[in-house]
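Peer 1: Would you be able to build a 3D model of this:
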Amino acid sequence: MALIAVVGCTRGPAAGGAAVALRPACGDTQRWDGATCAPRAGVADLDAGTRALAAFEVDTAVAALDRAAAHPLDHPRHVTLWEQRGIAQAYLEREPDALAAFDMLLALDPGHLLSYTLSPKATFVFEKARAAALARGAPTLEVRWPRDQRLGAPVPLEIEIVADPTAMLRQATIYVRARGEASWRAADLTLAGPGTLRRARLPAVPGARPTSLEIYAIASDDAGNEVLTWASAARPREIALRYDPPTPWYRTWWVWAAAGGVAALGTGVVVYAAVWEPGPVVGGGIDVNE
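Peer 2: Predicted coordinates:
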């Protein structure tokens, strides 16, 4: 099972960033080619190479694996590709090539282990590669957002490459869906170098009750191979979204403003009446001329 070599964090501010458009996520046997979901190539060659290597048909396996490597692969198959290439090169006693293949394998999946049933030709070389990988460190990606999020407002994210010792993290695809939805949507973002933040705002989620936004991410290299995962579709992270009910009409500012205007008008009328209302006695005198 692949180790998720990334760190997620919900602490810290995440403001600003351009709004991103969401597209439908592609299926397990498809990849996004920039315009549409296209079938994944290379899968049949990878399966053929794996079968050939299990049968110790090493040259046949190497040829099939090389063909598979010419096409972008998803993360699990990409891990399998480099594991099988490393084993094949070790069987052929090409230690430098085997070390390079196992090094890539461990960059993709730092916790990977080979089967103990394999020949020492492979396991000895793998242990050398594992020691070097431990000293080098693993690629690490962080995705952050502010804690206090609400329905109806865009959700700001910060995506940061914390470490990229093999310089392979080039693009991140963010997958999101509201809790209870069956399908995922995706946004593709270009990544900057280590230590540089990539800010983005996800579209607002409508609703009238508290919910959460499920999220995971996959990073890819220049060729489109998936090289790192952050959470997963099976175990996504969640962004809590609170619901703020609308203000009752009788508490809105315009109602109070209108009520204040009416009250002021009433006070003015009372003052006017008190000042200008005629009294019960009419002043003045009578002058009688004879």
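Peer 1: so residue 89 makes contact with residue 101?
Peer 2: Yes. Under the criterion of CB atoms under 8 Å, residue 89 is in contact with residue 101, at a separation of 5.8 Å. Where you see a C-beta, it was placed from the backbone N, CA and C, and this is true even at glycine.
Peer 1: Does the most centrally placed residue in the chain lie in a helix or a strand, and which?
Peer 2: Nearest residue to the geometric centre of the chain (CA atoms, centre = their mean): residue 174, 3.6 Å. Using DSSP states H and E, residue 174 sits in strand 171-178.
Peer 1: Tell me the helices and strands packed up against that strand.
Peer 2: strand 155-163, strand 185-190, strand 197-202, strand 211-220 (3 or more CB pairs under 8 Å, 6 or more residues apart in numbering; DSSP states H and E).
Peer 1: need those in TSV with distance to residue 131, can you?
Peer 2: Below are the helices and strands packed on strand 171-178 laid out as TSV (distance: least, CB to CB, whole Å):
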stretch	distance to residue 131
strand 155-163	18
strand 185-190	34
strand 197-202	33
strand 211-220	25
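Peer 1: which ones are touching residue 53?
Peer 2: Residues in contact with residue 53 (CB atoms under 8 Å, 6 or more residues apart in numbering) are 61, 65, 84, 87, 88, 91.
Peer 1: Swap in 10 Å and give it another go.
Peer 2: Residue 53 makes contact with 60, 61, 62, 64, 65, 83, 84, 85, 87, 88, 91, according to CB atoms under 10 Å, 6 or more residues apart in numbering.
Peer 1: Tell me which stretches of the stretch 1-150 of the chain form strands.
Peer 2: Remark: strands assigned in the stretch 1-150 of the chain by DSSP state E, counting those that start in this stretch are 18-19, 23-24, 30-32, 37-39, 140-144, 149-150.
Peer 1: any idea which of those strands is most buried?
Peer 2: Burial among those, expressed as mean neighbours by mean count of other CB atoms under 10 Å, is greatest for strand 140-144, which shows a mean of 21.
Peer 1: Could you chop the chain up by domain?
Peer 2: Domain assignment of the chain by automatic domain parsing yields the ranges 29-136, 140-242, 249-275.
Peer 1: Out of the ones you listed, flag the one nearest residue 17.
Peer 2: Residue 17 lies closest, by CB to CB, to one member of those: domain 140-242, at 2.9 Å.
Peer 1: and the closest one, what's its mean pLDDT?
Peer 2: What domain 140-242 shows for mean pLDDT is 94.
Peer 1: State the distance from the closest residue to residue 163 other than its chain neighbours to residue 201.
Peer 2: Distances taken as CB to CB, 6 or more residues apart in numbering place residue 140 nearest to residue 163, at 4.4 Å, with adjacent residues excluded. Look at residue 140 and residue 201: by CB to CB, to the nearest Å, they are 24 Å apart.
Peer 1: In this structure residue 133 contacts residue 100, no?
Peer 2: No. If you go by CB atoms under 10 Å, residue 133 and residue 100 don't touch, sitting 11.9 Å apart.
Peer 1: what about these two, which has more around it?
Peer 2: It is residue 133, of residue 133 and residue 100, that has more neighbours when counted by other CB atoms under 10 Å, with 20 against 16.
Peer 1: OK, contacts around that one?
Peer 2: Counting by CB under 10 Å, 6+ apart, residue 133 has contacts 102, 103, 104, 105, 106, 107, 110, 112, 165, 166.
Peer 1: which one of the residues you listed has the most neighbours?
Peer 2: residue 102 (28 neighbours).
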